[in-house]
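Novice: Got a sequence here, can you model it:
(chains A, B and C)
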Amino acid sequence: MTNIKKLLLIDGSSIAYRAFFALYTQIDRFISPSGLHNNAIYAFHTMLRNVLATEQPTHVLVAFDAGKTTFRTEMYADYKGGRAKTPDEFREQLPFIKEMLAAQGIKQYELANFEADDIIGTLATLAENGDFDAITVVSGDRDLTQLTTEKTTVAITIKGVAELEIYTPAYLLEKLGLTTAQFIDLKALMGDKSDNIPGVTKIGEKTGIKLLLEYGSLQGIYDNIEQMKVSKMKENLINDREQAFLSKELATIDLTSPIAIGLEDTIYTGVDYDKLKKFYQEMGFNKFLEELEGATEKVVEAINFTVVEETVTDDMFDENQFFYLEILGEDYHRDSIIGFAWGDETGIYVSKNIALLKSFNFPKNTYDFKKNKVLLARHAIAYPVVEFDTMLAKYLYSTIENNKISTIAGLFGLDLPDDDVIYGKGVKRAVPFDEILFDHLARKIDVLVKTKAPLTDKLRENDQEKLLSDMELPLANVLAKMEIAGIKVSGGVLSEIGIENEKVIENLTAEIYELAGEVFNINSPKQLGVILFEKMGLPIIKKTKTGYSTAVDVLEQLAPQAPIVDKILKFRQISKIQSTYVTGLLGEIMADGKIHTRYIQDLTQTGRLSSVNPNLQNIPVRLAEGRKIRKAFIPENASSVLLSSDYSQIELRVLAHISGDEHLISAFNNGADIHTSTAMRVFGIEKAEDVTPNDRRNAKAVNFGVVYGISDFGLSNNLGISRKAAKNYIDTYFERYPDIKNYMGNTIREAKDKGFVETLYHRRRNLPDINARNYSVRSFAERTAINSPIQGSAADILKVAMINLDKNLTAGGFKTKMLLQVHDEIVLDVPDDELVAVKKLVKTTMEDAISLDVPLLVDENSGKTWYEAK
DNA sequence: AGTGTCACG
DNA sequence: ACGTACGTGACACTG
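Specialist: From the prediction side, this is the model:
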C-alpha cells in the first residue's frame, strides 16, 4: 500500500478578503448571535469545506500576510500603495477565521517581512522536491499561478469564492499561450494595479503576451530591443526598462523564504469537535452545527392531517382554505394526478380519490392555478378563478429564486423537503407509499397556509397587490384556456417538409464528406473544428472555452475561403429545422391532432411568458426555408381561419413613454417609420426619401441597442463596423435624444439606490449585482436595469390586452379562441363569419390596453395557415 | 449535466 | 485595460 501525500496550501489573506466581498451584498444577513459580522467567515468556511472534500489532502497549511512592510516595500516603497483601507467589518472577522481554522485542525503560519505567497511558494517547492505526490495552492490572487508545475496545481477563486479555476501548466499554455516562467514576465510588463506594480507604460495583457510570444522572455525583449521597429511602444519599453525589471522582482514569489516550519508541521489531523461545535454556536452556523451533531438526529415535527377516502363532509370545506394538486412531473397535459390536499390552520385533508373532486367546493387559494385548472379540465371539472396563488405571488415578490414550495418555505423560515427528495429524481422518480405521499402533501398545505400572510404583506409593501389580483391571476385563467384549446397541426404537412429536408441533408452530407476528404460528424462542433481549422487550416476567428468556435458569424466570414463552409451552413440550417421543428413537433401532436404547449408564467426575469413542451414562441419565420413550418399550423375547422395580431414597435413606444423623449414621442404621434425617423435625426438627413436602406438598417440597430442597454462593442459587433464608428453613432444618438440619455442615467442611479427596477405596473426586478465591484457583473446589471422596465412593461401590456380580449370575446358571444402568445403577438382561431368583427375587436382591445403618451398600433393578418397569417 | 449552436421576440 | 448588447427553449454532442 502506498501512502499518497497531498499538500494543500491556502493563501489565507487573499481568500479571506475575497470571501468578505463574495457575500458583501448579504452582509446584513450574516450576523452572529453576539452581533459580529460573519460573512467572510462563512464564505471562507464554505470554500474550505469544498476544497477539503475535493482534494482530500494529507497536509494542509493556511498562510497569512504578516503586516504592511515586507522585503518588497524595502525594494519599492510604493508596493501595494494606494490600496483602499480594509473595511472594519472585514478586519474584525480575521481573528475568527483563524479560530475557525484552529478548530478545523488546520495549521496556520505567517512570517514577518514576507507575504503569504512566499510562504506558500517555499513550502510548495519543498514538497515538490520531497516525496509529495501532489500540491494544491488555493488563492484569490492570479499571481500565484506562477507556482504552477506538473505536480503543483493552482486554484484561483472565481465568482466570489464558490468556484475555482484550476491552473495547470497545460491550462496556462492554453489560456494565455504562456509558460509558467513567461507568466511572471507578463506581470513585469503589464504591472498590477492592485499591488501598485508599475510595469511598462501602455502595455497590457494583449501586448504583453504578443511580445513574450515573439521574444520568449522579458530578457529576450530587451536583448532584441534595438532591432525593434520604431514605435511608441518601443520608446516606452526603453524608458521603463528599469521599472520592468523591478516589477519582475516584485512579482516573483520567493521560493526560499526563511520559514521556521517544515512540511512535517502541516499534517492534517482533522477537526477538533468540541472547539468546532463551540465555534459554530458562537457564529450561529446552525446548519453546520446540526451536520456536526449528525444530521440524522434532526427532529422533524409530526404534522396532523386527515386522510379522506370515500366521502367528504361539509365541515371539511371552507372557501379560505388552500387547495393543492400533485403530479409527479411537470407535464400536466399528460401526467396523472397522484394525490391532492386542502386545508387551513384548523385542519388539513389529503386524498388520492379523484372522484371526490367531481363535486368539490374548491377554495380560493391555490398554488399554480393554471396547472390545477388544466389538470381538472382533463377530468371535465371546472375550477373558478381564485383570489390568491402562492406561486404567482412569490414570483411577483422576487424572481431571483425558483418558486417551488420548498423554496418558499425556506424563504420564510420554514422547512419542507424538496420533491426530488420525497419522489426521487430521474429514473428513480416514483409515487411513494401513501404514508409518505400524504405527509408530504399535508406539509405543502401547511407551508402554503403559513406563508400567505407574509407574502401578502410583501406584495402590499411593494404595491403589487393589483398585479397579482388583476393581472397574473386572471391571466392564468386565460392561459389555461389557451393551453387546453391547443393548436391544430397537420402531421402530413410536416412529414412532407421532412421528406424534402432528408433529401437535402443527404446530398449536403455527401458533398461535405467529399470536400473534407473524410467522414465525420458534422453536428459535432469539436470534430467540425478539427476539419476546418486543423485539417483545412482556415483562420481561427473566435474561440469558445472548449475549443474553436464554429458559430454562424464565424462560418460566414470563412465562407469565401472554402466552399465547404457554405455547405455546412446550409446543413446546419436544414438540420435545425428537421430535428427541432419537423421531428420535434411531430412528436408533440397529441391524440386530438393538436399541440398543447405549456406557458411558464413564473420564470422570466422581466415578466414575459415562456413556452415549453414544445416551445411555440420560436417557430421559424425569418428565413423562407424555416417559415414553411408555419404551413402546418392550421385552424380547428375548415370554416375558420388563424388571425395573427401583433403590436408594432411596442418596446420602442414604451421607451418613448417612460423616457418622455419629445422627439421619439412626436415621431410616433406623427405615424412616422421609427427607424427612418431615427436615421434622419442621427445622421442629419433632411428628407425621409433621402434615407438609404443602409441608413435605416443602421438606425434600427441603434434603436435595438438602446432598448438592450447599448455599448459600442455590442453595436459594432452587430453592425460589423469599428468600435469607434459605433461609439460615434451612440454619442450622436444621445446628443440628439437627450431625454433617452437621461432616462438611462436616472434608471441606473435609481437602481443602484433602491436595488431594483420596476415596470409601469410595478413588476419588480431585483438587481443585487448593480453595485458589484466586478466591472462586467456590474455592467450586466446596469444593462438589465435599462432593459427590464421596457421589456417588462411591454409584457405587462400584452397581458392586460389578453385579459381584456378574453372578457370582450366572451361578452360578445364569439366562438373565437385565443391560441398562442408570442411576446408581442396573439394568434387566434376565428370562425369565418366572425372574422370582420373579431379583427376589429382584437385590434381595438390591444391598442386600448393602456393609454400611453404615444399610440399603440396593431397589425393584423389572417389566413388558412399560420404561414399565410403573417 | 454542461456546452455550443440556433430558433424566436 | 477590462469585456460586454436584452429575454427565452430545444437539440446534439460530450464527458
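Novice: since we're on the residue lying closest to A:Ile27 once chain neighbours are set aside, how many residues are nearby?
Specialist: Leaving aside its sequence neighbours, A:Ile27 sits nearest to A:Asn39 (C-beta to C-beta, 6 or more residues apart in numbering; 5.1 Å). For every residue, glycine as well, the C-beta is placed using N, CA and C. Per other C-beta atoms under 10 Å, the neighbour tally for A:Asn39 reads 23.
Novice: can you check A:Ala302 too?
Specialist: When neighbours are counted by other C-beta under 10 Å, A:Ala302 registers 7.
Novice: try A:Tyr513
Specialist: A total of 14 residues lie near A:Tyr513 under the criterion other C-beta under 10 Å.
Novice: Now A:Thr390: closest residue in space that isn't a chain neighbour?
Specialist: Spatially, and ignoring its direct neighbours in sequence, A:Thr390 is nearest to A:Tyr367 (4.7 Å; C-beta to C-beta, 6+ apart).
Novice: Does the one you found touch A:Glu326 like I think?
Specialist: No. A:Tyr367 is beyond contact range of A:Glu326, at 10.2 Å (criterion: C-beta atoms under 8 Å).
Novice: Between those two, which has more neighbouring residues?
Specialist: For A:Tyr367 versus A:Glu326, neighbours defined as other C-beta under 10 Å are more numerous around A:Tyr367 (25 against 21).
Novice: List phi and psi for the more buried one.
Specialist: Backbone geometry at A:Tyr367, expressed as degrees, to the nearest 10, gives phi -120, psi 110.
Novice: repeat for the one 5 residues further on
Specialist: Phi and psi for A:Asn372, reported as degrees, to the nearest 10, are phi -60, psi -50.
Novice: now swap in A:Tyr222 and tell me
Specialist: Dihedral pair for A:Tyr222: phi -70, psi -30, per degrees, to the nearest 10.
Novice: Please report the distance of the residue nearest to it when sequence neighbours are not counted from A:Ile259.
Specialist: Closest residue in space to A:Tyr222, ignoring its immediate chain neighbours: A:Arg241 at 6.4 Å, by C-beta to C-beta, 6+ apart. According to C-beta to C-beta, to the nearest Å, A:Arg241 stands 33 Å off from A:Ile259.
Novice: if we can go back for a sec, count the neighbours of the residue nearest to A:Tyr222 for me.
Specialist: Neighbours of A:Arg241 under the rule other C-beta under 10 Å: 15.
Novice: Test my guess that it contacts A:Ile221.
Specialist: No. Contact criterion C-beta under 8 Å: A:Arg241 and A:Ile221 do not qualify, at 9.7 Å.
Novice: Could I get the full set of helices for the stretch 301-450 of chain A?
Specialist: Along the stretch 301-450 of chain A, the segments classed as helices by DSSP state H, counting those that start in this stretch run A:369-377, A:390-397, A:405-411, A:419-423, A:434-461.
Novice: Just send those back as TSV, with distance to DNA strand C, mean pLDDT and mean neighbour count too.
Specialist: Below are those laid out as TSV (distance: least, C-beta to the nearest atom of the strand, whole Å; pLDDT from 0 to 100; neighbours: other C-beta atoms under 10 Å):
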stretch	distance to DNA strand C	mean pLDDT	mean neighbour count
helix A:369-377	15	98	23
helix A:390-397	11	97	24
helix A:405-411	16	95	20
helix A:419-423	18	93	16
helix A:434-461	20	97	18
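Novice: so where is the stretch 651-800 of chain A shaky, pLDDT-wise?
Specialist: Within the stretch 651-800 of chain A, no stretch has pLDDT under 70.
Novice: Helices of that one, residue ranges please.
Specialist: Using DSSP H, counting those that start in this stretch, the helices of the stretch 651-800 of chain A run over residues A:662-669, A:674-683, A:693-708, A:712-719, A:723-736, A:738-754, A:775-811.
Novice: Single out the most deeply packed of the ones you listed.
Specialist: Each of these was scored by mean neighbour count; the highest is helix A:674-683, a mean of 22, by mean count of other C-beta atoms under 10 Å.
Novice: elements contacting it?
Specialist: Contacts defined by 3 or more C-beta pairs under 8 Å, 6 or more residues apart in numbering; DSSP states H and E place helix A:674-683 against helix A:662-669, helix A:693-708, helix A:723-736.
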